[in-house]
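> here's a sequence, model it:
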Amino acid sequence: MMKSTTRQVLGIFWTTCLLPFTVLQLVRAQGSCTNPRQNSGLCMSIYDCPSLLAVVQQSYVSAQDRMFLRDSQCNNGYGRLPHVCCPIERRVLDTTTARTVTSPTRSGGQQGQQGQGNLLPSPPKCGPHSFSNKVYNGNDTALDEFTWMALLEYVDRRGRRELSCGGSLINNRYILTAAHCVIGDVEKEVGSLTTVRLGEYDTSKEIDCIDDDCNQPIVERGIEQKIVHPQYDPADRNRVHDIALLRLDQPVVLNEYIQPVCLPLVSTRRAINTGEILVVSGWGRTTTARKSNIKQRLDLPVNDHDSCTRKFATRQINLINSQLCVGGEFYRDSCDGDSGGPLMRRAYDQAWFQEGVVSFGNRCGLEGWPGVYTRVSDYMDWIQNTIQP
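Purely as a prediction, here's the structure:
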């Protein structure tokens, strides 16, 4: 039986590429055909054609690839609809050039490659939007939404494991998080940071499913190196430069449910304006529970920085321009357990970009008290100079 993850992607493919051909009838006979590049093939179910199925299963399907898939449809095939002209030699032509490329296997994700760890991806290789484009139960995310989200796992003195802070995958080897999730009070109050969990949705289940759609098993990686920003001081209550990188002990194999977020590179960044709506996501405290089992999302407005600075000054906290204030609405805020997670927006090429790292606030969800986030764009030079292959 085919995995439901494939069914989900194929549902998108069916809608965007083959909807005009739903009148095609299932034919028992296997027919010969010619694909858009004039290569000979057999007309069959796309589920039985690994080369074209692999194109559909990519995290991003370009307009050119969609056109190639659409033009590959045929009407004398066999097996499950939709039918496509599958190259006989099990090789598929690159849709942008004349060269042939060997198709990936059905189960293969994008491999983490050595020597590429120092590269930050740009759209369309990062920040993919949810295929399902749904929000479940109010603030619950979709199963394939914010696929860069990471959970950090700690071990206390008794050997007990606990999930606490969040983070985000920025390439196949690095996690971006908050410095206070790595050093300082967290080591005494929670434990030693040991593991990063990726591909998580519902922490109460081994395999996460919504209706008939299920994601793949979670991926856990050890931490090879913890890199806290050199100017961060865990004893400073202003919590400036609250940002850190975690180098994983081995590259991550990317798949439909594990993809990196885009970062605001000079070529893709844009100004963040007061009142603009950004999105925060995590498994932190909700109004009804200490922690949420299901990954949550919350839309919040950017707060005026000068007003926010004056507000926190009444608590003897001095903010700098590299800190971003967001929210300030009653019961709408990031909270305990969200620390280190991403503050995001859809921007260049409609991809998701991480603009902030959850840092701190005056408790949670207090009217007039915004949450404070580390502004990622101000630390791009440090990030790019720090990450290694």
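> residue 227 pairs with what?
Beta-bridge pairing for residue 227 (DSSP bridges): residue 245.
> which elements pack onto the helix or strand containing residue 312?
Assigned by DSSP states H and E, residue 312 falls within helix 305-313. Packing partners of helix 305-313 (3 or more C-beta pairs under 8 Å, 6 or more residues apart in numbering; DSSP states H and E): strand 323-326. For every residue, glycine as well, the C-beta is placed using N, CA and C.
> make it 6 Å
The helices and strands touching helix 305-313, judged by 3 or more C-beta pairs under 6 Å, 6 or more residues apart in numbering; DSSP states H and E, number zero.
> give the rounded mean pLDDT of that helix.
The average pLDDT within helix 305-313 is 94.
> ok, now stretch 62-74?
The average pLDDT for stretch 62-74 rounds to 79.
> how close does the closest residue to residue 261 other than its chain neighbours sit to residue 262?
Distances taken as C-beta to C-beta, 6 or more residues apart in numbering place residue 148 nearest to residue 261, at 3.9 Å, with adjacent residues excluded. Counting by C-beta to C-beta, to the nearest Å, the gap from residue 148 to residue 262 is 9 Å.
> surely residue 219 is in contact with residue 197?
No: using C-beta atoms under 6 Å, residue 219 is not in contact with residue 197, being 7.4 Å away.
> the more surrounded of these two?
Taking other C-beta atoms under 10 Å, residue 219 and residue 197 do not tie; residue 219 has more neighbours (20 against 17).
> show me the contacts for the residue nearest to the more buried one when sequence neighbours are not counted.
Closest residue in space to residue 219, ignoring its immediate chain neighbours: residue 198 at 4.6 Å, by C-beta to C-beta, 6+ apart. Each residue near residue 198 by C-beta atoms under 6 Å, 6 or more residues apart in numbering is listed here: 150, 219, 258.
> beta partners of residue 198?
When bridges are called by DSSP bridges, residue 198 pairs up with residue 150, residue 219.
> give me the local confidence score for it.
Confidence at residue 198, expressed as pLDDT, is 95.
> confirm that residue 123 sits in a helix.
No: counting by DSSP: H, G, I helix; E, B strand; the rest coil, one finds residue 123 to be coil, located in no helix.
> number of residues surrounding it?
Using other C-beta under 10 Å, the number of residues around residue 123 comes to 17.
> do the same with residue 206
The number of residues near residue 206, taken as other C-beta under 10 Å, comes to 7.
> let me see the backbone angles for it.
Phi and psi for residue 206, reported as degrees, to the nearest 10, are phi -70, psi -50.
> excluding its backbone neighbours, what's nearest it?
Excluding the flanking residues, the one nearest residue 206 by C-beta to C-beta, 6+ apart is residue 217, at 7.3 Å.
> likewise residue 259?
Residue 259 sits nearest to residue 147 (C-beta to C-beta, 6+ apart), 4.4 Å away.
> assign the one you found to helix, strand or coil.
Residue 147 ends up coil, using three-state DSSP.
> which ones are touching it?
Residues counted as contacts of residue 147 (C-beta under 6 Å, 6+ apart) are 257-259.
> switch to 10 Å and redo it
Neighbouring residues of residue 147 by C-beta atoms under 10 Å, 6 or more residues apart in numbering: 59, 127-128, 130, 141, 168-169, 198-199, 201, 215, 254-261, 352.
> can you name the residues that contact residue 222?
Contact analysis of residue 222 by C-beta under 10 Å, 6+ apart lists 194-196, 246, 248-250.
> do the same with residue 203
Contact analysis of residue 203 by C-beta under 10 Å, 6+ apart lists 151, 163, 197, 218, 283, 291-295.
> least confident pick among these?
Confidence-wise, residue 291 trails the rest of the contacts of residue 203, at 59.
> what is the least confident helix or strand in the protein?
strand 100-102 (a mean of 34; mean pLDDT, DSSP states H and E).
> if we can go back for a sec, overlap in contacts of residue 219 and residue 197?
residue 150.
> that older thread, what about the helix holding residue 312, distance to the chain center?
32 Å (C-alpha atoms, centre = their mean, to the nearest Å).
> that one: which residues count as buried?
Residues 305, 308-309, 311-312 are the ones in helix 305-313 that count as buried (16 or more other C-beta atoms under 10 Å).
> dump the C-alpha coordinates for it into CSV.
Provided in CSV are the C-alpha atoms of helix 305-313 (Å, rounded to 0.1, in the frame of the first residue of the first chain):
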residue,chain,number,x,y,z
HIS,A,305,10.0,49.6,18.8
ASP,A,306,10.2,52.9,20.6
SER,A,307,7.0,52.3,22.5
CYS,A,308,8.2,48.8,23.4
THR,A,309,11.5,50.1,24.6
ARG,A,310,9.9,52.6,26.9
LYS,A,311,7.5,49.9,28.3
PHE,A,312,10.3,47.5,29.2
ALA,A,313,12.4,50.3,30.7
